[in-house]
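Q: Take this sequence and fold it.
(one chain, ligands or ions: 3)
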Amino acid sequence: MILLKNATVYSPEPLGVRDILLAVDRIVAIEEQLTVCLPNLSVIDCSGKIAVPGFIDSHVHILGGGGEGGFRTRTYELSFSDLVRAGITTVVGCLGTDGVTRSLESLYAKAKALEEEGVSSYIYVGSYRVPPVTLTGSIIKDIVLIDKVIGVGEVAISDHRSSQPTLDELKRLAADARIGGMLSGKAGVVNVHVGDGPTMLEPLTNVVKTSEIPITQFLPTHINRNSKLLHSSIEWLSMGGFIDLTTSIGGLLDEELLPWRVFRELSNEGFEGQITFSSDGQGSLPRFDEKGNFVGLDVGRVLSLYEQVRMAAEHGTPLEKALLPITKNVAKILKLVSKGTLSVGMDADIVLLDQDLKIDTVVAKGKILMLNKEQIVKGTFEAG
Ligand SMILES: CC(C)C[C@H](NC(=O)C[C@H](N)C(=O)O)C(=O)O
Ligand SMILES: [Zn+2]
Ligand SMILES: [Zn+2]
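A: Ligands and ions are numbered 1, 2, ... in the order given. Here you go, the predicted structure:
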C-alpha cells in the first residue's frame, strides 16, 4: 500500500491539501488527514507537490508509423520510458498511413508489452483506410471480444492519403463501432484523422446529419493542423462534438494553432469540456509540397502532450482547467470510467508535479514508476 501525504490535489477540481491512500491498483481514500498503521506501507511525503490524475494519450503510434516517404521513413516504436517521463499512465495505440507493414497483431502485442511494463494500454483497430483492417474480420467482434480494443482509428478523411471513404462506408464503420461498444460497455469511439483537404469535417457532419449515430461516437483529431479547419470546427463543437488537438505539431505551427492557445480561446467560448489533446507520438509528421510530393518528415513525441498543458497553465489558464484535455475530458469520450479523475475507487494513476509544474513522480496502477524525478521502473531493455 502507498500513502501519499500532504499533496495539493487537483482532481482536476482543486481539493486542497490531502492524504491519498492507494491499495493494490485503486485509490481507496482521499482525506485531509490519514493515519495508517499497516505492514509494508510506503509513505511518500508530497508536501509542496501537486497531485493530478495520470495523463491519458488517446492517439499514439506505439508500434511506430510513417512510411509516407518509402521504407526508410518508417518511424521507431515507442519506448516505455518515454511514457513514464511524459507522465502518461494510459495510452491508446493506433496504426496510421501504413496498415500493410504494420499489423494489428503487432499493435496488440506492443500494447500488452506496455501493460506488462506498468501502464494501462488500449488499441483502436483499423488504420487510415476504409474498410478497416481488423483482428477477427469484424469491427463488432474485435470490440466485443478483445478487451484492449476500445474503438476504430485513425480513420482518414479529407486527406490525399485516405481511402476516399464514401458516406455509406463511414456510416457503416461508425454503426459497427457503436454497436460493438454498446455490447461490451466500451466507447466504440471512431478516432478520425482529419487531413488538410478542403472537405475538412464535412464527411463527419454528413454522417451525423443523415443517421442516428450520435456526434460523440467520433473523436476527430489534428483539428489544429490549419486555421481553416480549426475555425470550421466551431460548428462541430456547437453540435456537441469533441475535437482533439495534436500536441506534437507544436514546432511546425504558427502560434494561433498551438493546443494551449486554442484551448484557451475555445474555453472562453464555453467548450472547455469538449477539447482533448493527443500527442501523435511516434507517428510521422510528413510534409508534402503543393503537388503532393513528399518533402520530409518529423516524428511525434509523447513528451509534447503535457508540455502543452504546462504552457496553458504558464499562460494563465487555471491548472484545474488546463488538465482537462489529457485527463477528465479524454476519459469521458473514451468511456474509460475508472480513469481521468482522482477520487475513491478510481485507478491509482497519479502524477505529482513540483512547484514549477514539472513532472516529479509517476504512479500507474498503484505502482511507483518515477519518484522525485528518478525513474525507478525501467523498460525491459533499458539499463537497470
Ligand atoms: C497532424 C500532422 C502534422 C501529422 C499527421 N500524422 C499522422 O496522421 C500519422 C502518420 N501519418 C503515420 O501514419 O505515422 C499526418 O500525417 O497528417
Ligand atoms: Zn493522423
Ligand atoms: Zn496518428
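Q: can you pull out the helices in this protein?
A: Ranges of helices in the chain, per DSSP state H, are 80-85, 104-117, 139-145, 167-184, 202-209, 227-238, 259-268, 304-314, 319-322, 328-333.
Q: Output the ones you listed as JSON lines; include the columns distance to Thr221.
A: All C-beta spots, glycine's among them, are computed from the backbone N, C-alpha and C. Below are the helices of the chain laid out as JSON lines (distance: least, C-beta to C-beta, whole Å):
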{"stretch": "helix 80-85", "distance to Thr221": "19"}
{"stretch": "helix 104-117", "distance to Thr221": "17"}
{"stretch": "helix 139-145", "distance to Thr221": "19"}
{"stretch": "helix 167-184", "distance to Thr221": "15"}
{"stretch": "helix 202-209", "distance to Thr221": "12"}
{"stretch": "helix 227-238", "distance to Thr221": "11"}
{"stretch": "helix 259-268", "distance to Thr221": "11"}
{"stretch": "helix 304-314", "distance to Thr221": "13"}
{"stretch": "helix 319-322", "distance to Thr221": "19"}
{"stretch": "helix 328-333", "distance to Thr221": "11"}
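Q: Looking at those, which is nearest to Lys339?
A: Closest approach to Lys339 among the helices of the chain (C-beta to C-beta): helix 328-333, 4.7 Å.
Q: packing partners for that closest one?
A: strand 55-60, strand 275-278 (3 or more C-beta pairs under 8 Å, 6 or more residues apart in numbering; DSSP states H and E).
Q: who wins for proximity to ligand 3 among these?
A: Proximity to ligand 3 (C-beta to the ion) singles out strand 55-60 among the helices and strands packed on helix 328-333, at 5.6 Å.
Q: Residue in the protein with the shortest distance to ligand 3?
A: For the chain, C-beta to the ion, closest residue to ligand 3: Gly283, 3.8 Å.
Q: and that residue, what does it touch?
A: With contacts defined as C-beta atoms under 8 Å, 6 or more residues apart in numbering, Gly283 is in contact with 59-61, 65-66, 75, 96, 248, 299-300.
Q: repeat for Val192
A: With C-beta under 8 Å, 6+ apart, Val192 has these contacts: 153-157, 204, 218-221.
Q: change it to 7 Å
A: Residues in contact with Val192 (C-beta atoms under 7 Å, 6 or more residues apart in numbering) are 153-155, 157, 204, 218-221.
Q: again with Glu169
A: Counting by C-beta under 7 Å, 6+ apart, Glu169 has contacts 130-131.
Q: what about it, distance to Gly181?
A: 19 Å (C-beta to C-beta, to the nearest Å).
Q: swap in Gly340?
A: According to C-beta to C-beta, Gly340 stands 17 Å off from Gly181.
Q: neighbour-wise, which of the two wins?
A: Using other C-beta atoms under 10 Å as the criterion, Gly340 and Gly181 rank with Gly340 on top: 27 against 23.
Q: my read: the more buried one touches Ile56, true?
A: Yes: between Gly340 and Ile56 there is a contact under C-beta atoms under 7 Å: 6.2 Å.
Q: Find residues that contact each of the two.
A: With C-beta under 7 Å, 6+ apart, Gly340 and Ile56 have common neighbours 327, 330-331.
Q: How about the residues of the protein by ligand 2?
A: Proximity of the chain to ligand 2 (C-beta under 5 Å from the ion) is limited to residues 154, 193.
Q: Quick one: low-confidence residue ranges for the chain.
A: Along the chain, the model assigns pLDDT under 70 to residues 250-251, 384.
Q: coming back round to it: now rank the contacts of Val192 by neighbours and give me the top one.
A: Val155 leads the contacts of Val192 on contacts (other C-beta under 10 Å) with 31 neighbours.
Q: For that residue, list each beta-bridge partner.
A: With DSSP bridges applied, Val155 shows beta-bridge pairing to Val192.
Q: quick one on the thing from earlier: export the helices of the chain to a markdown table and append columns for distance to ligand 1.
A: Listed next are the helices of the chain as a markdown table, based on distance: least, C-beta to the nearest ligand atom, whole Å:
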| stretch | distance to ligand 1 |
| --- | --- |
| helix 80-85 | 16 |
| helix 104-117 | 12 |
| helix 139-145 | 20 |
| helix 167-184 | 17 |
| helix 202-209 | 16 |
| helix 227-238 | 10 |
| helix 259-268 | 12 |
| helix 304-314 | 12 |
| helix 319-322 | 22 |
| helix 328-333 | 17 |
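Q: List, one by one, the residues from the stretch 251-384 of the chain near ligand 3.
A: Taking C-beta under 5 Å from the ion as the contact definition, the stretch 251-384 of the chain meets ligand 3 at 280, 283.
Q: which residue ranges form the strands in the stretch 251-384 of the chain?
A: Ranges of strands in the stretch 251-384 of the chain, per DSSP state E, counting those that start in this stretch, are 275-278, 284-288, 294-299, 350-353, 359-364, 367-371, 374-375.
Q: What helices and strands are in contact with the third one?
A: Counting contacts by 3 or more C-beta pairs under 7 Å, 6 or more residues apart in numbering; DSSP states H and E, strand 294-299 is packed against strand 284-288.
Q: Which residues does the strand it packs on contact?
A: 65-66, 68-69, 73, 75, 248-249, 252, 294-300.
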